[in-house]
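> With the sequence up front, the predicted model follows.
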Amino acid sequence: MLALERRNLILEKLQAEKRVVVSELSQLYSVSEETIRRDLDKLEKEGLATKSYGGAVINEDVGIDLPFNIRKNQNVQGKQKMAEIAASMVNDGDHIFLDASTTAVFVAKALKEKERLTVVTNSMEILLELSDVSGWNIISTGGVMKEGYLAFLGARTEEVIRSYYVDKVIFSCKALNEDLGIMESKEAFGTTKKAMINSGKMRILVVDSTKFDQTAFSVAGQLRDIETVITDKKPSEKWLNHFSEHKIKCIYPE
């Protein structure tokens, strides 16, 4: 087993159990305790875990970016429900943007019953997910591959995005703040999503409830930039009133 693969498995275990013990991990992965300690050192340096006596605990700071393969396994049921709602808003023959979020991967899966779609995306995962779909036009933005995110980013990516104008932009975000707007943890993700927002007729933000009332580093857009918010549970009355004031339709599973 490669060290990276083992660290990802440890991180998955941390996500599920909140803490891990060195001696147990050593037996589980058939490596020395010193090797496990080095793995935990690496996770701590990346801000993903905090070492404690005999093991480590998960860093639950919302600002920390987890690897893509970890994030895609979080809140799977909620993402599936949101994806089904988003897919119901897409018509056969539509041209759409899908961003490089894990939520958008679930939307891509839910769209597979549609016909003649044109999908433009900066997500390698979505390109792979849709590689077996026939009758669609799948367009990759290209750009610089961001390690650990399976996303194309950068000036070339944004240039390609701005060269299209689509029916619907379907995207997610790292944080949603009443005053600051739609936010991302890294500037490159923020500017990419800003380009998408500016290149579509209808903008649909698909975001789970844990992102509400949070902040992140980069502002990708304002609430006035979107027409629809899809989330996994009913928001607070404060947020429902805020959406109503901005004439934003908020949809969630009943």
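All right, it came through fine. None of these values were measured; they are calculated from a predicted model.
> Would you point out the helix or strand in the chain whose mean pLDDT is lowest?
When each helix and strand of the chain is scored by mean pLDDT, DSSP states H and E, helix 68-71 comes last, with a mean of 60.
> Could you give me the buried positions within the following helix or strand past that one?
Using DSSP states H and E, the helix or strand that follows helix 68-71 in sequence is helix 76-88. Within helix 76-88, the residues that qualify as buried are 78-79, 81-83, 85-87, counting by 16 or more other Cβ atoms under 10 Å. Just so you know, the C-beta spots here come from the backbone N, C-alpha and C atoms, and that holds for glycine as well.
> Where does the prediction get shaky in the stretch 51-200 of the chain?
Using pLDDT under 70 as the threshold, the predicted model of the stretch 51-200 of the chain has low-confidence ranges 60-75.
> where do the helices sit along this structure?
Taking DSSP state H as the test, the helices found in the chain are 3-17, 22-29, 33-45, 68-71, 76-88, 102-110, 124-129, 155-162, 187-197, 237-245.
> Let me see the mean pLDDT of the last one.
So that's helix 237-245. Across helix 237-245, pLDDT averages out at 96.
> Check the third one too.
Averaged across helix 33-45, the pLDDT comes to 90.
> same check, this time on the longest one
Model confidence over helix 3-17, given as mean pLDDT, is 83.
> Direction-wise, compare it with helix 22-29 and give the angle.
If you take axes from the mean of the first three to the mean of the last three Cα atoms, to 10 degrees, helix 3-17 sits at 120 degrees to helix 22-29.
> buried residues in stretch 24-33?
Of the residues in stretch 24-33, 25-26, 29, 31 count as buried by neighbour count, 16+ other Cβ under 10 Å.
> Kindly indicate which of the buried residues of helix 76-88 lies nearest Gly221.
Within the buried residues of helix 76-88, proximity to Gly221 (Cβ to Cβ) peaks at Ala86, which comes in at 17.5 Å.
> Surely that closest one is in contact with Ile204?
Yes - Ala86 sits in contact with Ile204 when judged by Cβ atoms under 8 Å, with a separation of 6.1 Å.
> what do those two both touch?
Contact with both Ala86 and Ile204 is made by residues 170, 230, according to Cβ atoms under 8 Å, 6 or more residues apart in numbering.
> rewinding a little: is it possible to export the buried residues of helix 76-88 to JSON lines including distance to Ser123?
Written out in JSON lines, the entries for these read as follows (distance: Cβ to Cβ, whole Å):
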{"residue": "Gly78", "distance to Ser123": "19"}
{"residue": "Lys79", "distance to Ser123": "14"}
{"residue": "Lys81", "distance to Ser123": "20"}
{"residue": "Met82", "distance to Ser123": "16"}
{"residue": "Ala83", "distance to Ser123": "14"}
{"residue": "Ile85", "distance to Ser123": "20"}
{"residue": "Ala86", "distance to Ser123": "15"}
{"residue": "Ala87", "distance to Ser123": "16"}
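> Nearest to Asp225 among the residues you listed?
Ala86 (17.2 Å).
> Please tabulate the buried residues of stretch 24-33 in CSV, including the columns distance to Lys18.
Shown next, in CSV, are these (distance: Cβ to Cβ, whole Å):
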residue, distance to Lys18
Leu25, 14
Ser26, 19
Tyr29, 19
Val31, 22
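> From the residues you listed, pick the one nearest Lys238.
Leu25 (42.6 Å).
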